[in-house]
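Peer 1: Please find the sequence and the predicted model below.
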Amino acid sequence: MTSDAHHNRFALTGRRALITGAARGLGWEIAKAMAQAGAHVMVNGRDPDALAARVMELKDAGLAAEAAAFDVTDTDAAAAWFSERDTAPDMLVNNAGLRHRHGLADCPPDAFADVIDGNLTSAYAMARFWALRLIDEGRSGALINITSIAGTRARPGDTAYTAAKGGLEAMTRSLAVSLADKGIRANAIAPGYFATEANAEWVDDPKTQKFIDRRIPLKRWGRPDEIAGAAVFLASDAASYINGHVLVVDAGMTINY
């Protein structure tokens, strides 16, 4: 016989979650999983039509969802969205980001700054808007930043992304100690190699597969849905004493000597 008390530790029933960059990829899988765990999810992105389709998909499955159509890099738009809400979401997942796979010669300072803004500055702005609302309302909450194994590792030709994700990890730790006395936890998830739309051109590449066979103990790409459990866990009461942690989801790649 299962215990309802144990099950409820992992449930998100009655809570609301804003997931940025959730129209596809890992963000979409996180949104689905949180909705399935009982949360009312706010699916963020820049394309209203794509968001409407995702929201309809969730509602057709009997889940609670709404669209949150704004660009997280537009601080005015983000501020307006929060100001229009009666209350702040209980959970914020900073998943939106961008990639610029170029070396020094092809990554001038303005391109570097764009990657920092898209992955780090926007996440800070979202976390700030959200946390200040929660504090003003006297409520607790859970923040999850989606970083990357690139936050603590490096490979040639990826300086801007590595810097941004490393900064996001550091920001997670800083927010964890800054917001804890307000009842707000901040954690991060660092995904490894996932077969998302953004990585489609490499998923079936034989050269990439040789690298995966050599470096990833499970010898395969992660399925996008395999990120979902980590996000639901960190948002739930089951993780109530976890704060400032980076949960690596990479099939053991970064511990493989």
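Peer 2: Looks like it came in fine.
Peer 1: List the buried residues of the top helix by length along the chain.
Peer 2: For the chain, the longest helix by residue count, based on DSSP state H, is helix 159-179. Buried residues in helix 159-179, counted by 16 or more other C-beta atoms under 10 Å: 159-169, 171-173, 175-176, 179. Every residue, glycine included, has its C-beta placed from N, CA and C.
Peer 1: With stretch 37-53 instead?
Peer 2: Buried-residue list, stretch 37-53, by 16+ other C-beta under 10 Å: 37-46, 50-51.
Peer 1: which residues in the stretch 1-150 of the chain form helices?
Peer 2: Under the criterion DSSP state H, counting those that start in this stretch, helices of the stretch 1-150 of the chain are mapped to 4-9, 25-36, 48-60, 75-84, 109-116, 122-137.
Peer 1: Please identify the deepest-packed of the ones you listed.
Peer 2: helix 25-36 (a mean of 25; mean count of other C-beta atoms under 10 Å).
Peer 1: Sheet partners, orientation included, of the longest strand that the chain contains?
Peer 2: Ranked by number of residues, the top strand in the chain under DSSP state E is strand 184-191. With DSSP bridges as the test, strand 184-191 is paired with strand 141-146 (parallel), strand 246-249 (parallel).
Peer 1: Is residue 164 in contact with residue 113, as I believe?
Peer 2: No - the pair residue 164 / residue 113 is not scored as a contact, 10.2 Å apart, by C-beta atoms under 8 Å.
Peer 1: neighbours of the residue lying closest to residue 21 once chain neighbours are set aside, just the number please.
Peer 2: Once flanking residues are discounted, residue 21 sits nearest to residue 96: 3.1 Å by C-beta to C-beta, 6 or more residues apart in numbering. Other residues near residue 96 come to 23 when the count uses other C-beta atoms under 10 Å.
Peer 1: Regarding residue 96, what are the backbone dihedral angles?
Peer 2: phi -60, psi 140 (degrees, to the nearest 10).
Peer 1: shaky segments in the stretch 51-200 of the chain?
Peer 2: Within the stretch 51-200 of the chain, not a single segment meets pLDDT under 70.
Peer 1: switch to 80 and redo it
Peer 2: 99-102, 157 (pLDDT under 80).
Peer 1: about what we covered before: for the strands paired with strand 184-191, which one ends up most surrounded?
Peer 2: strand 141-146 (a mean of 27).
Peer 1: which outside residues touch that one?
Peer 2: Contacts with strand 141-146, where a contact means C-beta atoms under 8 Å, 6 or more residues apart in numbering, come from 26-27, 30, 88-95, 97, 123, 127, 130-131, 134, 168-169, 171-172, 175, 179, 183-189, 191, 231, 234-235, 239.
Peer 1: if we can go back for a sec, with distance to residue 154 as extra columns, can I get the strands paired with strand 184-191 in TSV?
Peer 2: Output for the strands paired with strand 184-191, formatted as TSV (distance: least, C-beta to C-beta, whole Å):
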stretch	distance to residue 154
strand 141-146	19
strand 246-249	16
